[in-house]
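Novice: Model the structure of this input:
(chains A and B, ligands or ions: 1)
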Amino acid sequence: MSKVLVIAEQRDGRLKRSTFELVGASAAAGNETHVALLGEGVAGLAQELAHYGAKKVHLAENAGLKFYTSEAYSKILFPLIQSLSPSVILASHTPTGRDLMPRLAAKLGVGLASDCTQLTFEGDQIKVRRPVYAGKATVEVEFLGSGPRVATFRQNALGIPKPDTSKTAEISTTSVDLGTLATRVIEVVKGNSARPDVTEASIVISGGRSLKNAENFKILEDTADVIGAAVGASRAAVDAGFRPHRDQVGQTGKVVSPSLYIACGISGAIQHLAGMRTSKVIVAINTDPEAPIFQLADYGLVGDLFAIIPLLREELKKIKEH
Amino acid sequence: MNIYVCIKQVPDTETKIKLNADQNGIDTTGIKWIVSPYDELAIEEALRLRDKNPGSTATVVSAGPVRVVEAMRTALAMGADSAIHVDLPESADNNWVAKSIAGALKKESKFDVIFTGKEAIDDGAAQVSQLVAEYLGIPSVTVVLGTEYLPSGVRCKREIEGGSFEMVEASFPLLIAAQKGLNEPRYASLPNIMKAKKKEVKTLKPSDVGTSEADQKIRYKNFQLPPPKQAGKKISGDPAAQAKELVRLLHEEAKVV
Ligand SMILES: Cc1cc2nc3c(=O)[nH]c(=O)nc-3n(C[C@H](O)[C@H](O)[C@H](O)COP(=O)(O)OP(=O)(O)OC[C@H]3O[C@@H](n4cnc5c(N)ncnc54)[C@H](O)[C@@H]3O)c2cc1C
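Specialist: Numbers count the residues shown, from 1 in each chain, chains lettered A, B, ... in the order given. Next up, the predicted model:
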């Protein structure tokens, strides 16, 4: 058993699912699980962390923490870590975690294992693996020297346990003195998408060049909306202007690890596979039985996506109505 | 302005990865090396900023084995003025690399803006940019797809999740990590490739930049190739039968919907 600190992430008054993954994995291994929760007006979220196994929530609230900056977050977290002295620190490999954790690790004088997909606790140590070369290989990360073990995790890689709403956590309020800051978030411009982000969604439906134009992506969107899925795209579809780059899955786009990935009219180029090969279940729909994507697919449908997708939507609706 | 751009040389995206005999690294024989794609955006941004500010210089920096000089020649051919190479072993981790780059930059007379890619496509850890900034004690803005230069700093458009972005302001000196969308990197012309061969590349040893093997904080070991995927199920029939059977399997067998 060890003392673990999870760096929580919240946006727009909601905790990230990936935070629950980390808290759940730590608590399931019997660790003394602490969570750092930073923001403005976020106290109400603290008990939800307890439902996933947090023993104690360290709360820091301040108007200067409304938006994340590495500078403001470090000013709170570094002293907290020094006084708590956890043996393990976990965060998500999200826009926030990616930006923050290298700086925190450097301040602590330790190394960082980024974008891990496997985690086991061994005494006060952790054993982690991560993909390298865009998922063409995986490695174990050996931490050298002493100090806390710090790692970030790919979203959806660990899975979310069932919450136990009877559990509560101790809450301790951390004092906040941000001083002057050299970085300022002037404004946040909301994306207009009603659908989840491809990196966060537990189901992703992606389309390729074969969708032919932006309008045709509507058939994927309509299907996605039945099951709360995100809509992704191959680079060919992005380069053709059918979708924005933020939806691109692959080596030069987003890396996703959903429980279900449905590739529609995507050939399965090595750079695309890099972005989705850790998905738990992969479905491929393609007219070409020789398409490389079928080698990775758990379920392969040889056929025309324009014929199959609308029918798929109807079948999914039936399941959802039951 | 003194502008710097940190780049990494990585295997081409088409590369088939093979492990070495000890399984503690990859077999690099026959690999075609390229400049990591996000770093090309960083180079382009550095060149544009230099050209908008007469009297400025754009210097490319890379830490790694001697092969990385070839990647820096590409940056020089695109238009960078000179290059600094810190000679580190193949196995150096992000921390040693970043601390060495920061050490090299501290030896320069001054630095105003440092550009990097948002991550390298081989390791994908996205650490070096923030680590360099941390070791230099300067602000950084990562995953940047737009910049507006102000008298005292830069206003950056930073991509966050869900299609949202933030407008972040940071003051000079600062580090900016480039995301796709920032610009369209130029290609090096043949005459410029020739000219690049004569541009200065300075090589430094770890001891010159105040680092040593003690700055290595993690090591990768026990490399594995992904296990071969078991042959999946082919679902045949007419589209209606395929759709029905797929949903049945996803619901009853895979339990994902
Ligand atoms: C440096 C570099 C980085 C890259 N990064 C990425 C990346 O991040 N992500 C990425 O995706 N790619 C990336 N690529 C591009 C990659 O190599 C492929 O070109 C791209 O993935 C192909 O997209 P696609 O599958 O949509 O198109 P194609 O390869 O053209 O495949 C289209 C597929 O659709 C099928 N099809 C056609 N009509 C239908 C129909 N009616 N119904 C069903 N199936 C149909 C065809 O059989 C074919 O298999 C990168 C390339 C390079 C060089």
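
Novice: Could you pick out the residues of the stretch 151-300 of chain A near the ligand for me?
Specialist: A:208-210, A:234-237, A:248-253, A:265-267, A:269, A:271-272, A:275, A:285-288, A:291 (CB under 6 Å from any ligand atom). For glycine as for every other residue, the C-beta is placed from the backbone atoms N, C-alpha and C.

Novice: which ones among the residues you listed are found in strands?
Specialist: Counted as lying in strands by DSSP state E, out of those, are A:285-286.

Novice: Of the residues of the stretch 151-300 of chain A next to the ligand, grab the buried ones for PyMOL.
Specialist: In PyMOL, this line selects whichever of those come out buried by 16 or more other CB atoms under 10 Å in any protein chain shown:
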select buried, chain A and resi 208+209+210+234+235+236+237+248+249+250+251+252+253+265+266+267+269+271+272+275+285+286+291
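
Novice: Narrow the residues of the stretch 151-300 of chain A next to the ligand to those in helices?
Specialist: A:235-237, A:271-272, A:275 (DSSP state H).

Novice: Now flag whichever of the residues you listed is closest to chain B.
Specialist: A:Gln271 (4.9 Å; CB to the nearest CB).

Novice: isn't the closest one right up against A:Gln248?
Specialist: No. Using CB atoms under 8 Å, A:Gln271 makes no contact with A:Gln248, being 10.0 Å away.

Novice: so B:Ala170 sits right up against B:Thr142, yeah?
Specialist: No. Applying CB under 8 Å, one finds B:Ala170 not in contact with B:Thr142, separated by 11.0 Å.

Novice: Show me what the helix or strand that contains B:Val61 is packed against.
Specialist: Under the criterion of DSSP states H and E, B:Val61 resides in strand B:57-64. On a contact count with 3 or more CB pairs under 8 Å, 6 or more residues apart in numbering or on different chains; DSSP states H and E, strand B:57-64 meets strand B:2-6, helix B:37-52, helix B:68-78, strand B:82-87, helix B:94-106.

Novice: So for that strand, mean pLDDT?
Specialist: Average pLDDT, strand B:57-64: 98.

Novice: Repeat that for stretch A:227-240.
Specialist: Mean pLDDT, stretch A:227-240: 97.

Novice: Please apply the same query to stretch A:16-26.
Specialist: Mean predicted lDDT for stretch A:16-26 stands at 98.

Novice: now that stretch, how far from the chain's geometric center?
Specialist: 10 Å (CA atoms, centre = their mean, to the nearest Å).

Novice: what's in contact with that stretch?
Specialist: A:4, A:6, A:8-10, A:33, A:35, A:49, A:52-54, A:88, A:90-92, A:94, A:119, A:121, A:153, A:155-161, A:163, A:200 (CB atoms under 8 Å, 6 or more residues apart in numbering or on different chains).

Novice: ok, now stretch A:186-197?
Specialist: Outside stretch A:186-197, the residues touching it (CB under 8 Å, 6+ apart) are A:67, A:201, A:221, A:224-225, A:228-231, A:246, B:155, B:160-169.

Novice: Now, those residues that are in strands?
Specialist: A:230-231, B:155, B:165-169.

Novice: give me the number of residues near B:Lys199?
Specialist: 16 (other CB atoms under 10 Å in any protein chain shown).

Novice: got the contact list for the nearest residue to it once chain neighbours are set aside?
Specialist: Excluding the flanking residues, the one nearest B:Lys199 by CB to CB, 6 or more residues apart in numbering or on different chains is B:Leu76, at 4.6 Å. Listed by CB under 8 Å, 6+ apart, the contact partners of B:Leu76 are B:60, B:82-83, B:196, B:199, B:201.

Novice: and of those residues, the nearest to A:Leu296?
Specialist: Checking those against A:Leu296 with CB to CB, the nearest one is B:Val60 at 37.3 Å.

Novice: ok, now how distant is the residue in the stretch 151-257 of chain B positioned nearest to the ligand from A:Asp298?
Specialist: Nearest residue of the stretch 151-257 of chain B to the ligand (CB to the nearest ligand atom) works out as B:Lys180 at 9.3 Å. Distance check for B:Lys180 against A:Asp298: by CB to CB, to the nearest Å, it reads 30 Å.

Novice: Just the residues contacting the helix or strand hosting A:Leu312, thanks.
Specialist: For A:Leu312, the element it lies in under DSSP H and E is helix A:305-321. Helix A:305-321 is contacted by residues A:207, A:210-211, A:216, A:219-220, A:222-223, A:226-227, A:264-265, A:285-287, A:301, B:239-240, B:242-244, B:246-247, B:251, B:257 when judged by CB under 8 Å, 6+ apart.

Novice: For B:Ala196, grab phi and psi.
Specialist: Note on B:Ala196: backbone dihedrals following degrees, to the nearest 10 are phi -60, psi -30.

Novice: which residues touch it?
Specialist: B:73-74, B:76-77, B:188 are the contacts of B:Ala196 under CB under 8 Å, 6+ apart.

Novice: same deal with B:Glu40?
Specialist: B:Glu40 touches B:78, B:117, B:185, counting by CB under 8 Å, 6+ apart.

Novice: Quick check: B:Lys234 touching A:Gly303?
Specialist: No. Using CB under 8 Å, B:Lys234 is not in contact with A:Gly303; the gap is 10.8 Å.

Novice: Of the two, give the one with the bigger neighbour count.
Specialist: A:Gly303 (19 against 13).

Novice: In contact with the more buried one, which residues?
Specialist: A:Gly303 neighbours (CB under 8 Å, 6+ apart): A:285-287, B:239, B:242.

Novice: Mind doing that once more with 7 Å?
Specialist: A:285, A:287, B:239, B:242 (CB atoms under 7 Å, 6 or more residues apart in numbering or on different chains).

Novice: where are the low-confidence patches of chain B?
Specialist: Applying pLDDT under 70 to chain B picks out no residues at all.

Novice: Whatever helix or strand B:Ile114 lives in pairs with which strands?
Specialist: According to DSSP H and E, B:Ile114 maps onto strand B:113-117. Strand pairing for strand B:113-117, using DSSP bridges, gives strand B:2-6 (parallel), strand B:174-178 (parallel).

Novice: And the contacts of the last one?
Specialist: When you say that, I think you mean strand B:174-178. B:38, B:41-42, B:45, B:113-118, B:129, B:132-133, B:138-144, B:147, B:153-154, B:156.

Novice: Specify the beta-bridge partners of A:Leu37.
Specialist: A:Leu59.

Novice: Surely it is in contact with A:Gln47?
Specialist: No. Contact criterion CB atoms under 7 Å: A:Leu37 and A:Gln47 do not qualify, at 10.7 Å.

Novice: Which members of the contacts of strand B:174-178 are classed as buried?
Specialist: For the contacts of strand B:174-178, buried by 16+ other CB under 10 Å: B:38, B:41-42, B:45, B:113-118, B:129, B:132-133, B:138-144, B:147, B:153-154, B:156.

Novice: and the residue of the stretch 51-200 of chain B found nearest chain A, how many neighbours?
Specialist: As assessed by CB to the nearest CB, chain A sits closest to B:Gly163 within the stretch 51-200 of chain B, at 2.5 Å. Neighbours of B:Gly163 under the rule other CB under 10 Å: 17.
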